[in-house]
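1. Make a model of this:
(chains A and B)
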Protein chains: 2
Amino acid sequence: MIMSFRWFGQGDPVTLQNIRQIPGVSGIVTALYDVPVGEAWPMESILALKQTVEAAGLQISVIESVPVHEDIKLGRPTRDRYIENYSQTIRRLGEAGIPVICYNFMPVFDWTRSQLACQLPDGSNTLTFEDETISRMDPVNGDLSLPGWDSSYTKEEMGQLIEAYADVTEDKLWSNLAYFLERVIPVAEEAGLVMSIHPDDPPWPIFGLPRIVSNFDQLRRLTEHVDSPANGITFCSGSLGANEDNDLIAIIRHFGSQNKLHFAHTRNILRTGPRSFQESAHLSSTGSIDMVRVLEALYDTGFTGPLRPDHGRMIWGEQGRPGYGLYDRALGATYLNGIWEALSKTKPRS
Amino acid sequence: MIMSFRWFGQGDPVTLQNIRQIPGVSGIVTALYDVPVGEAWPMESILALKQTVEAAGLQISVIESVPVHEDIKLGRPTRDRYIENYSQTIRRLGEAGIPVICYNFMPVFDWTRSQLACQLPDGSNTLTFEDETISRMDPVNGDLSLPGWDSSYTKEEMGQLIEAYADVTEDKLWSNLAYFLERVIPVAEEAGLVMSIHPDDPPWPIFGLPRIVSNFDQLRRLTEHVDSPANGITFCSGSLGANEDNDLIAIIRHFGSQNKLHFAHTRNILRTGPRSFQESAHLSSTGSIDMVRVLEALYDTGFTGPLRPDHGRMIWGEQGRPGYGLYDRALGATYLNGIWEALSKTKPRS
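-> Now for the predicted structure:
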C-alpha cells in the first residue's frame, strides 16, 4: 500500500513540503488544473508536474482526475474527437511513468454537498449532504453555488447542459460509458497504466441527472464490459458508504480478488438520515464506517496500490479548500497507516 | 485504553479546544505549574484545573507530574516535611477523583537533550541526544541551558545541589526512593489512586548523577519493595527504548500482567549511535521501535489505562514548546489509535 495525499498544484495552500512532513506519506495524487476539459494534456506540463513532485521528495502515484468531457457522457457526435484527445493524454501519462488515472462519469456535477462548513460541537466544521436541502435546490435558476459545481459554466450554459441530459436515460448513459471504455481501455493497456473509475458521490441521482456508477452491480457491469486489468475502479469508502445498502466489504473482496481495485479513498462519513450524511473524522469511532474492516478487506485481497485519506474536517482554525485542508487529512493518513501496519504485522495474509 | 494528550495549562500555546478536535482523544495529562516544588497543592487549584478541563469536554486522566523535592531524593532530614506535603497532595488529588499520579526520581535533571531543534531532511526539526555533546557539557560552569534543566535554580544553587549528590551513590538513592515509597504508597492506596513512576530519560546516569529507574531489574526492585497496585510504573517507550538492551516487550508483559502498568507514553526514537538518539515521528517506519509490538503487548496484557503520544517533531512551521507542539503529537495520537483499533478488532485478547 502506498500512502498518498491529494495536492491541487502550486495554488494549493497545502504545500508539497507540508505533505512530505506527514510521516509515512510518499505518494502524491494530483492533476493539471490549467488544461481545459477535453483537450489533450501537453507532455511538457506533465513532465514539469512530475519533476516538481519529485523535487519535493515525493512521487506521483495517481493522476486524479483526467476529466471526461460532457460530450462523451452525452454521446454527442463530437465525442470521438474528445476521446481521441483523452487517449492522447493517456499515452503521454503512460510515457511519463504515471501508473493510475482516476476519473468519473457523473453528468455535470462532480461531488456535491449541501453545506460546506457545518459547525460541530467541538468547534471544528465539516461538509454535509442533506437530501432535503439538495431537493429544494435549483441548479439553473437558484442562487446557490456548491462545491463540485463547475464554475467555468455560466448559468445559461449550465441550463443548456442540464437540458441536454433530458433524454439521457440511465441506459443511454451506460452505453455512452461503454463506448468510452471500449476505446480508452485498449489505449491504457498499451500505455502501461490503469484506468480507475471513481464511484458517484453521492451514490444516487441528483437534480434529475442519471448516475450509473453507484453500486456493486453497476461497478461489475462496467468492469466486465471491457474485461481488462486496465479497466479498474477506485474504491471510495465515503462515496459508496453514503448508501448503507452498499456492502463495502463485499465490493472490496470482489474487485480486489480480480485485481481491479487500483486506488482507494478511505474516509469516513456519519449517516444522519435517509440520503443524508456528515463528513466525519477518519476514525471509526466518529462515523458510520468500520475503517478497520475496510482496510482489512483491502489487505486480505492483496492490495498494493495507492490509498489516500480523503475529505477532512476543518480543525484548529484552518482556512482552506473545503474538505482538503492539511490537518484533518494528515490525521487520517497516520490513523490509516496505524491500522495498516497493525494488520500487516499481526495478521498473516490469507 | 484512554487516548490522552499532555497539556501545560493556560499558558500552553496548544489549547484544550485544539486537543478536543483531535479525533479519539478524551484524556488530559496535566499538572499545576504554579505551586513551588515541595509544597502541598491547594484543593481549590486542583478543582479549578479539573473544572477547566471538563468544561472543554475532556477529562483529566493523569497528573503528570507531582514533582519530588530534591531533599527527598537526597535523603535530607527535611524530607519528612516534604513527604507529608506530598502525601497531602495525593489525598487531595484522590478526593478530586484523579486516578493516576506520574512522577520521577531523577536527581536534579528531568529529561535532557543535547539539541532542541535538529534540522531534518524534510524541513521539520526535532530533539536529539548525543552522548558526546552531553559529556562535554558542564551544567555548573558552562553556558548551555537545556530542556529539563530547572530554570528556577541559579547557577550557584545548581552547583550546590550537584555537590550535594557527591556522596549519593546508587544504593543511597535507592534507599531514599524506598523510604519515599514506604510512606506515600499507603497514602495513595487510601486516597484511591495509583502512583506511576516514570523511568529515567535517558536511561543512564548523566553528569555523574546517579539514576536508578532505567531498566527492568530496577523497575522490578522498586515495585516489589512496596508490593501494591498503587505502586506502579509509567511505561515510556521512548525513555526505556533509548537503551537497546531494554526489552520493551518483556517489560510490558511483566508489569502489565501484574497490573502495575498504569500509564503509557508511546513515542518512537531513532537510535543514532551508542547513547545517542533522535526523536522521530511516532510511526515505526521512522524510528527504531516497533510500535505495533509495543501496543500489542499492552493490549495482550489487558491495558485499560491512559496512553499518550509523547514528544513530537516540529512540523509545518509550528513554533512552540520543544517536543510538545500540537501537530506531530496529534499525528501520533491518531496513528496509535489506528493500531489499537486494529488490534482490538482483529486479535482476540489472550
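2. For A:Leu161, see how far away the residue nearest the centre of chain A is.
-> In chain A, the centroid-proximal residue (C-alpha atoms, centre = their mean) is A:His198; its distance is 4.8 Å. A:His198 is 20 Å from A:Leu161, where distance means C-beta to C-beta, to the nearest Å. From N, CA and C alone the C-beta is placed, and that goes for glycine too.
3. quick one, helices of the stretch 201-350 of chain A?
-> Chain-ordered helices for the stretch 201-350 of chain A, with DSSP state H, counting those that start in this stretch as the definition, fall at A:216-225, A:237-241, A:248-257, A:291-300, A:327-346.
4. Look at A:Val140 and tell me its secondary structure.
-> Judged by DSSP: H, G, I helix; E, B strand; the rest coil, the three-state class of A:Val140 is coil.
5. Look up which helix or strand A:Ile72 falls in, please.
-> If you go by DSSP states H and E, A:Ile72 is part of helix A:70-74.
6. next SSE after that helix?
-> Trace forward from helix A:70-74 with DSSP H and E and the next one is helix A:79-95.
7. Just the buried residues of that next one, please?
-> A:79, A:82-83, A:85-87, A:89-94 (16 or more other C-beta atoms under 10 Å in any protein chain shown).
8. just how off-centre is that helix within its chain?
-> Taking C-alpha atoms, centre = their mean, to the nearest Å, the mean C-alpha location of helix A:79-95 is offset from the chain mean by 20 Å.
9. How about stretch A:274-287?
-> Relative to the centre of its chain, stretch A:274-287 is centred 17 Å away, using C-alpha atoms, centre = their mean.
10. Name the nearest residue to the residue in the stretch 151-300 of chain A positioned nearest to chain B, ignoring sequence neighbours.
-> Scanning the stretch 151-300 of chain A for the residue nearest chain B gives A:Ala281, at 3.6 Å (criterion: C-beta to the nearest C-beta). Spatially, and ignoring its direct neighbours in sequence, A:Ala281 is nearest to B:Pro23 (3.6 Å; C-beta to C-beta, 6 or more residues apart in numbering or on different chains).
11. what about that neighbour, neighbour count?
-> Here the number of neighbours of B:Pro23 (other C-beta atoms under 10 Å in any protein chain shown) works out to 28.
12. doesn't it fall inside a helix?
-> No - B:Pro23: not assigned to a helix; according to three-state DSSP it is coil.
13. Mind pulling up the pLDDT for it?
-> Note for B:Pro23: predicted pLDDT of 98.
14. Could you pull up the residues touching it?
-> Residues near B:Pro23 by C-beta atoms under 8 Å, 6 or more residues apart in numbering or on different chains: A:280-283, A:285-286, A:331, A:335, B:334, B:337.
15. follow-up on the earlier one: please convert the buried residues of helix A:79-95 to TSV, extending it with pLDDT and distance to B:Trp7.
-> TSV is the format used below for these (pLDDT from 0 to 100; distance: C-beta to C-beta, whole Å):
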residue	pLDDT	distance to B:Trp7
A:Arg79	98	59
A:Tyr82	98	56
A:Ile83	98	58
A:Asn85	98	56
A:Tyr86	98	53
A:Ser87	98	56
A:Thr89	98	51
A:Ile90	98	52
A:Arg91	98	55
A:Arg92	98	52
A:Leu93	98	48
A:Gly94	98	51
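16. Chain neighbours aside, what residue packs nearest to whichever residue of the stretch 201-350 of chain A sits closest to chain B?
-> Nearest residue of the stretch 201-350 of chain A to chain B (C-beta to the nearest C-beta) works out as A:Gly338 at 2.6 Å. Nearest non-adjacent residue to A:Gly338, counting by C-beta to C-beta, 6+ apart: B:Gly338, 2.6 Å away.
17. Run through chain A and note the low-pLDDT ranges.
-> A:142-152, A:350 (pLDDT under 70).
18. ok, A:Asp131 to B:Met137 distance?
-> 66 Å.
19. just to revisit the earlier point, right, and the residue nearest to A:Gly338 touches A:Ala333 too?
-> No - contact criterion C-beta atoms under 8 Å: B:Gly338 and A:Ala333 do not qualify, at 9.9 Å.
20. Looking at those two, which is more packed in?
-> Set B:Gly338 next to A:Ala333 and count neighbours by other C-beta under 10 Å: B:Gly338 wins out with 31 against 27.
21. residues touching the more buried one, list them.
-> Counting by C-beta under 8 Å, 6+ apart, B:Gly338 has contacts A:283, A:334-342.
22. Of those residues - the most surrounded one?
-> A:Gly338 (31 neighbours).
23. residues in the stretch 151-300 of chain A within reach of chain B, list them.
-> A:280-286, A:290-293, A:295-296 (C-beta under 8 Å from any C-beta of the partner chain).
24. make it 10 Å
-> A:268, A:280-287, A:290-293, A:295-296, A:299 (C-beta under 10 Å from any C-beta of the partner chain).
25. touching chain B at all, stretch A:112-121?
-> Yes - for stretch A:112-121, a contact with chain B is found by C-beta under 10 Å from any C-beta, at A:120-121.
26. and that stretch, how far from the chain's centre?
-> That offset, for stretch A:112-121, works out to 19 Å (C-alpha atoms, centre = their mean).
27. From one end of it to the other, what's the distance?
-> 23 Å (C-alpha to C-alpha, to the nearest Å).
28. Would you mark the buried spots in it?
-> Quick answer for stretch A:112-121 (16+ other C-beta under 10 Å): A:112-115, A:118, A:120.
29. Next one: the closest residue to A:Tyr103 other than its chain neighbours from A:Thr89, what distance?
-> Here the nearest residue to A:Tyr103 in space, its sequence neighbours aside, is A:Ser65; by C-beta to C-beta, 6+ apart that works out to 4.8 Å. In this structure, A:Ser65 and A:Thr89 are 11 Å apart, going by C-beta to C-beta.
30. anything in contact with each of the two?
-> A:Ile101 (C-beta atoms under 10 Å, 6 or more residues apart in numbering or on different chains).
31. what's the neighbour count on the residue lying closest to A:Thr89 once chain neighbours are set aside?
-> Sequence neighbours aside, A:Trp41 is the residue nearest to A:Thr89 in space, at 4.5 Å (criterion: C-beta to C-beta, 6+ apart). Look at A:Trp41: counted by other C-beta under 10 Å, it has 22 neighbours.
32. Can you classify A:Trp41 as helix, strand or coil?
-> A:Trp41 - assigned by three-state DSSP - is coil.
33. these two touch, right, it and A:Lys50?
-> No - contact criterion C-beta atoms under 10 Å: A:Trp41 and A:Lys50 do not qualify, at 11.8 Å.
34. Identify the contacts common to those two.
-> A:93, A:96.
35. Show me which positions of whatever helix or strand A:Lys172 lives in end up buried.
-> Applying DSSP H and E as the criterion places A:Lys172 in helix A:170-191. Across helix A:170-191, burial judged by 16+ other C-beta under 10 Å covers A:172-174, A:176-177, A:180-181, A:183-185, A:187-189, A:191.
36. buried ones in the next helix-or-strand element following that helix?
-> Scanning forward in sequence from helix A:170-191 by DSSP H and E, the next helix or strand is strand A:194-197. For strand A:194-197, a neighbour-count test (16+ other C-beta under 10 Å) marks A:194-197 as buried.
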